[in-house]
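*Asks:* sequence and predicted model, in that order:
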Amino acid sequence: MFFINIIDMEQVINTERAPIKLWLNDIEEGALEQAKNLANLPFIHKWVSIMPDSHQGYGMPIGGVLPAKKAIIPNAVGVDIGCGMCSLRTDLQDISQDKLKEIMSLTRASVPIGFSHQSKEQEEKWMPEIKNNVPIVKKEYDKARYQVGTLGGGNHFIEIQKGSDGYVWIMIHSGSRNIGYTVAQHYTDLAKEHCQKWFSQVPEDLSFFPLGTELFTRYKNEMDYCIEFALMNRKLMMERVKQAFSEIIDVSFDHFINKPHNFADWEHHYNENVILHRKGATRARKNEWGMIPGSQGTSSYIVKGKGNKESFDSCSHGAGRVMSRTKARKTLSVKEETERLNEMGVIHAIRSKDDLDEAPSSYKNIDDVMANQADLVDIEIELQPLAVIKG
């Protein structure tokens, strides 16, 4: 049994070594157990914050925010290092479905999706400069030149949206592709070996590197590179989408926003410098622009952070899943999901049962998620989906 104190949008669990502060009241049991594991780490600073889109992940719940003193945990960043979103506003106030279909067709031809890579190496200007000791990055560098500018799979997307500000927007969600995955797997395995060697009493999936060790420095270097790669990956895809727009219609672009949500970095909180891990959570400092997507059948939002210290200047990275991918494919109806999207006029990405893991019904209600974090962000622009490409 645990006790919860209600404070505004926040719930506090006080049964573990450190408190757990949650911005939701319906956290699934697996995610709660993972949050408790975080709260019992010996190097936790203050408390663990859990965002309203949270659900169970590997080792750490998605939507988790973990401040660590003198330690870094590869699995608290995750396998898709630097995964995040970017948005760009067009000067268009309207666009026809016919033109949207043409733009999406050109985009599909220029942006590989799923497991597909580029057919040729991309220009080196799209690759971040190597500045530090990054052996795995160097090993994967040539392959990564075929991966940059590619969408990947899962919940990654390219979406065209109509904003409440009157303008058409572009939003992209993607990460660091295979180079980030390879770095993550390599250092997760090394962290497990390191903690076993020193008889560290932490769950295996939360194995860590202490500050001052070579492995801490090397992982941080490689992680930072993958974050930069993920940004360049999104920028190149955005460039290809801009080209597709420009081939079909006279258009200009501005107000680019980029936000990663799988990363760790030094931040100063409550009078101490800590390694702040965000896994499926977005930084939301005071007046900092960000974006929170719903699903291909619901609103997304351009937001500004409120700089809430209780959440360590964080907010959700999306709506969050309400059912697993397997359950969605088994239980949801292609007919019902497509009818809903067709009624909305969305050019969607559901063609068969294999696509149901990304159906709107597999996600939490974005309105509830946004209500639960009213103390974390201000909504600036509401975005309605017009057309989407899913990985």
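*Replies:* Perfect, thanks for sending it. Residues are numbered from 1 along each chain as shown.
*Asks:* and the closest residue to Gly305 other than its chain neighbours, what does it touch?
*Replies:* Take Gly305 and drop its neighbours on the chain: the residue closest to it by Cβ to Cβ, 6 or more residues apart in numbering is Ala284, 3.0 Å away. In this view, the C-beta of every residue, glycine as well, is placed from N, C-alpha and C. For Ala284, the contact set (Cβ atoms under 8 Å, 6 or more residues apart in numbering) comprises Gly290, Val303, Gly305, Lys306, Gly307, Asn308, Ser311, Asp313, Ser314, Cys315, Leu376, Val377.
*Asks:* quick check: pLDDT value at Ala284.
*Replies:* pLDDT for Ala284: 98.
*Asks:* report the separation between it and Glu124.
*Replies:* 34 Å (Cβ to Cβ, to the nearest Å).
*Asks:* cool, Glu267 as well?
*Replies:* Distance of Glu267 to Glu124, given as Cβ to Cβ: 32 Å.
*Asks:* low pLDDT regions in this protein?
*Replies:* The model of the chain has pLDDT under 70 over residues 1-10.
*Asks:* just the helices in it please.
*Replies:* Counting by DSSP state H, the chain has helices at residues 29-39, 97-110, 135-147, 177-197, 214-248, 325-331, 334-344, 366-372.
*Asks:* quick one: which of those is nearest Ser299?
*Replies:* Taking Cβ to Cβ, helix 366-372 is the member of those nearest to Ser299, at 6.0 Å.
*Asks:* from the chain's centroid, how far away is stretch 141-158?
*Replies:* Put simply, stretch 141-158 sits 15 Å off its chain's centre (Cα atoms, centre = their mean, to the nearest Å).
*Asks:* can I get the CA coordinates of it in PDB?
*Replies:* Extracted in PDB, the C-alpha atoms of stretch 141-158 (Å, rounded to 0.1, in the frame of the first residue of the first chain):
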ATOM      1  CA  TYR A 141      30.000   6.900 -39.200                       C
ATOM      2  CA  ASP A 142      30.100   5.700 -42.800                       C
ATOM      3  CA  LYS A 143      26.900   3.700 -42.400                       C
ATOM      4  CA  ALA A 144      25.200   6.700 -40.700                       C
ATOM      5  CA  ARG A 145      25.700   8.700 -43.900                       C
ATOM      6  CA  TYR A 146      23.100   6.400 -45.400                       C
ATOM      7  CA  GLN A 147      20.800   6.800 -42.400                       C
ATOM      8  CA  VAL A 148      20.700  10.500 -42.000                       C
ATOM      9  CA  GLY A 149      17.500  12.000 -43.400                       C
ATOM     10  CA  THR A 150      15.500   8.800 -42.800                       C
ATOM     11  CA  LEU A 151      12.300   8.400 -40.700                       C
ATOM     12  CA  GLY A 152      12.600   5.000 -39.100                       C
ATOM     13  CA  GLY A 153       9.600   3.100 -37.800                       C
ATOM     14  CA  GLY A 154       7.300   2.800 -34.700                       C
ATOM     15  CA  ASN A 155       5.700   6.000 -33.700                       C
ATOM     16  CA  HIS A 156       7.900   8.200 -35.900                       C
ATOM     17  CA  PHE A 157       6.000  10.400 -38.300                       C
ATOM     18  CA  ILE A 158       5.900  13.300 -40.700                       C
END
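*Asks:* neighbour count for Glu267 and Glu124, which is higher?
*Replies:* Ranked by neighbour count (other Cβ atoms under 10 Å), Glu267 and Glu124 place Glu267 first, with 16 against 10.
*Asks:* what about stretch 358-371, how long is it end to end?
*Replies:* 23 Å (Cα to Cα, to the nearest Å).
*Asks:* next: stretch 68-87.
*Replies:* Span of stretch 68-87 from end to end, Cα to Cα: 30 Å.
*Asks:* now do the buried residues in that stretch.
*Replies:* 68, 71-87 (16 or more other Cβ atoms under 10 Å).
*Asks:* please apply the same query to stretch 273-280.
*Replies:* For stretch 273-280, by 16+ other Cβ under 10 Å, it's Val274, Ile275, Leu276, His277, Arg278, Lys279, Gly280.
*Asks:* pick out whichever of those residues sits closest to Asp254.
*Replies:* Each of the buried residues of stretch 273-280 was scored against Asp254 by Cβ to Cβ, and Arg278 proved nearest at 27.3 Å.
*Asks:* residues in contact with the closest one?
*Replies:* Contacts of Arg278 by Cβ under 8 Å, 6+ apart are Gly64, Val65, His261, Asn262, Phe263, Ala264, Ser314.
*Asks:* from those, which land in strands?
*Replies:* Among these, DSSP state E puts Gly64, Val65, Asn262, Phe263, Ala264, Ser314 in strands.
*Asks:* residues near the third one, how many?
*Replies:* Asn262 is flanked by 28 other residues according to other Cβ under 10 Å.
*Asks:* next: Glu339.
*Replies:* Count around Glu339 with other Cβ under 10 Å applied: 11.
*Asks:* how close does it sit to Leu32?
*Replies:* Taking Cβ to Cβ, one finds Glu339 at 35 Å from Leu32.
*Asks:* cool, and Leu88?
*Replies:* 37 Å.
*Asks:* ok, so what distance separates Glu102 from Val241?
*Replies:* Distance from Glu102 to Val241, by Cβ to Cβ: 13 Å.
*Asks:* the more surrounded of those two?
*Replies:* Higher neighbour count among Glu102 and Val241: Val241, with 24 against 16, using other Cβ under 10 Å.
*Asks:* the more buried one contacts Ile172, correct?
*Replies:* Yes. At 7.3 Å, Val241 counts as touching Ile172 under the criterion of Cβ atoms under 8 Å.
*Asks:* any common contacting residues for the two?
*Replies:* Residues touching both Val241 and Ile172 (Cβ under 8 Å, 6+ apart): Ile158.
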